[in-house]
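Visitor: Test case, fold it:
(one chain, ligands or ions: 2)
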Amino acid sequence: MLQTKTVTTTTKTTTIINKAESKPLDLSVYVVIDVSVLPAGRDAVAVAEQALEGGATVIQLRAKHLDTKSFIELSNKVKAVAAKFGALFVVNDRVDVALAVDADGIHIGQDDMPLATARRLLGPSKVIGVTCSNTDEVNSAVSSGFANYLGTCAVFPTATKAYAPDFTPLGATGLNSLLQVSTLPIVAIGGINVENVEQLIIESQTALKTVAGCAVVSAIVCAQNPTQATKDLAAKIHPLLKHNSESSIARSLNPRPPRVQLLVNQVAQALSSVRASTPLVHSITNYVVMNDNANVLLAIGASPIMAHSTKEASDIISFCGSLVLNIGTLSDPWIDAMHIAGKKANSLGIPVVLDPVGAGATPLRQSTCVDLVTLIHTDIVKGNAGEISFLAGALANTSGGVQSRGVDSDGTMSEPAHVVRSLAAKVNSAIAMSGPVDYVSDRVGKDVVAVSNGNEWLGKITGTGCDTTTLVAAFAAALNAELKGKSLSAATWTASDDESFDPYLIAGVGGILCMCIAAEQAIAQGGIKGPMSFKTALFDAIANLTPEMIQRFARVDFV
Ligand SMILES: Nc1ncnc2c1ncn2[C@@H]1O[C@H](COP(=O)(O)OP(=O)(O)OP(=O)(O)O)[C@@H](O)[C@H]1O
Ligand SMILES: Cc1ncsc1CCO
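Guide: Numbering: from 1, shown residues only. Ligands and ions are numbered 1, 2, ... in the order given. Down below sits the predicted model:
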């Protein structure tokens, strides 16, 4: 980090709508009282009570063939026993019954009432669970922002529910795929019993999470002793749910707003695209960070080429996916090479990412970065608050100029979103501004995203901002190539509809999230003794990042 960079941004408080009651959502031992499965002469309320005595944390009442009046009467009784044990009471399918008895929540299937309608009718405080059989259904339920948890289709063969003749149970592998993509808790169901539950949880778990619980029907309602059967099951389940961190419960109680979730989905998907396409990134960067930048690119799954000669700049960029121009250690021939490569990249539709290191510090840096944003077209400018503020100020007096209200006397920035938004519109580039909270604007200043995953450790080693810039360039290259493959172009993106984000906004957020989440992972693994062991752990963590980690740990918001 250059000493001239003293500006920090003020932290923004994000508002998250709390959609469910703040009592912990314990889905671990989830007992479904299916009236049609109850052995003759058994009373649903008595079985519910026995299961609760054995440690059931949720009781779901399923009564497909019961008339409405009887369903409501029974629900009232089961709700009362669940309340006595502090357990969650959930009605299967019937939103009207859930409303009539003021149940804690509802569980619906894909063919029942649409999720959005159920949420509208039930209001923000009720728990909604939805059955998902595949990753598309999981993605759709998660991105809707209306569900609190997900249930699966049958994990094992079961006679309790009728499935199509060609239905194949999910098994532990199928359950694992759903866990990989879901940021919501998942409850497994179908043929689970005390014999198979441990193996299912262990075999299905991902590096980051297990199921939130297991739901059982006949193993409890048909058991000789439902209390003992529930106790036995609970004893097997509880020790294995260790991966379910509080953040997963928090996410289920505070689902991301739908558009934020859509953005996170696209960023996670973009990481997969980087890994799948291994884009080649041409960097004309400073010699302090050159080797690190190359290694960071390899770690994220891209390929580096560092080339400064004016004699080959044009040739090199012609076969690369993106270009990084970093003004950290300038010399005249390097500046010439930047212009040559930049112009060639522009002519070929290759994204150009500028890091205006130390932008305002000297007249050379001032004129170089102003020339670069005006004489060539930059697609993304990524700098710290001081650098972005300088650029905004320097362009303030040019036509359509940016009013730089950036830096206050105490070194903080009072309106970071305004600064990135207006600079973006001025230079038609996405702007990524680093600090305790990172801010990224799309190229027209319509969407501005605050990324709150900042980590002070990133300031303890030199060049993490420059490393982030190269990650942003890897994302830009992969996304541009993907659009070209569809005969589209990142260059011609227009801010016409709410569903579509600027690919270079995704690239900016993607690069920043990868660096910040990798830092979190590096620290979480322990063993950091100081800056150098942090650096080693950080580079390893970048290599080990998964789209699932982006889904799970991204803290982003539109501002
Ligand atoms: N005070 C802070 N608290 C928490 N996180 C921070 C803080 N400052 C920066 N960061 C994080 O560190 C990352 C690097 O940002 P920084 O502003 O240090 O870049 P930079 O100045 O361009 O670095 P360099 O020039 O060393 O490459 C940011 O993306 C941000 O997430
Ligand atoms: C320390 C330093 N000096 C010029 S560039 C650089 C790396 C941080 O950008």
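Visitor: ok, which residues in the stretch 151-300 of the chain are in contact with ligand 2?
Guide: 286, 288-289 (CB under 6 Å from any ligand atom). In short, each C-beta sits where N, CA and C put it, glycine included.
Visitor: hang on, I meant the chain
Guide: So far as CB under 6 Å from any ligand atom goes, the chain lies against ligand 2 at 2, 286, 288-289, 328-329, 357, 462-463, 466.
Visitor: Are any of those buried, and if so which?
Guide: The neighbour-count criterion (16 or more other CB atoms under 10 Å) marks 2, 286, 288-289, 328, 357, 462-463, 466 among those as buried.
Visitor: How many neighbouring residues does the closest residue to residue 177 other than its chain neighbours have?
Guide: Distance criterion CB to CB, 6 or more residues apart in numbering; nearest residue to residue 177, sequence neighbours excluded, is residue 135 at 5.8 Å. Using other CB atoms under 10 Å, the number of residues around residue 135 comes to 14.
Visitor: Residue 541 now?
Guide: 23.
Visitor: what do you get for the one 4 residues further on?
Guide: The number of residues packed near residue 545 is 21, by other CB under 10 Å.
Visitor: Residue 519 is in contact with that one, correct?
Guide: No - if you go by CB atoms under 8 Å, residue 545 and residue 519 don't touch, sitting 10.9 Å apart.
Visitor: Look at residue 325 and tell me its secondary structure.
Guide: What DSSP: H, G, I helix; E, B strand; the rest coil gives for residue 325 is strand.
Visitor: Does it touch residue 353 like I think?
Guide: Yes - taking CB under 8 Å as the definition, residue 325 is a contact partner of residue 353 at 7.2 Å.
Visitor: thinking again about what came up before, for the residue nearest to residue 177, give its distance to ligand 1.
Guide: Distance, residue 135 to ligand 1, using CB to the nearest ligand atom, to the nearest Å: 30 Å.
Visitor: for residue 297, same thing?
Guide: Distance from residue 297 to ligand 1, by CB to the nearest ligand atom: 15 Å.
Visitor: what about that residue, helix or strand, and which?
Guide: In this structure, residue 297 sits in helix 290-300 according to DSSP states H and E.
Visitor: related to what we said a few turns ago, ok, the residue nearest to residue 177 touching residue 176?
Guide: No - with contacts counted by CB under 8 Å, residue 135 stays clear of residue 176, the gap being 10.8 Å.
Visitor: contacting residues for the residue nearest to residue 177?
Guide: The contact partners of residue 135, taken as CB atoms under 8 Å, 6 or more residues apart in numbering, are 177-178, 180-181.
Visitor: Reformat those into CSV and put secondary structure and neighbour count next to each item.
Guide: Shown next, in CSV, are the contacts of residue 135 (DSSP: H, G, I helix; E, B strand; the rest coil; neighbours: other CB atoms under 10 Å):
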residue, secondary structure, neighbour count
177, helix, 15
178, helix, 24
180, helix, 17
181, helix, 19
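Visitor: any chance of the residues you listed in TSV, plus pLDDT and distance to residue 34?
Guide: Converted to TSV, these look like this (pLDDT from 0 to 100; distance: CB to CB, whole Å):
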residue	pLDDT	distance to residue 34
177	91	27
178	93	23
180	83	29
181	82	28
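Visitor: Just give me the neighbour total for the spatially closest residue to residue 519 that is not a sequence neighbour.
Guide: Leaving out its chain neighbours, the residue that sits closest to residue 519 by CB to CB, 6+ apart is residue 455, at 4.2 Å. Neighbour count of residue 455, defined by other CB under 10 Å: 19.
Visitor: show me what contacts whichever residue of the stretch 201-350 of the chain sits closest to ligand 1?
Guide: With CB to the nearest ligand atom, the shortest gap between the stretch 201-350 of the chain and ligand 1 falls at residue 289, namely 6.5 Å. Neighbouring residues of residue 289 by CB under 8 Å, 6+ apart: 326, 328, 462-463, 466-467.
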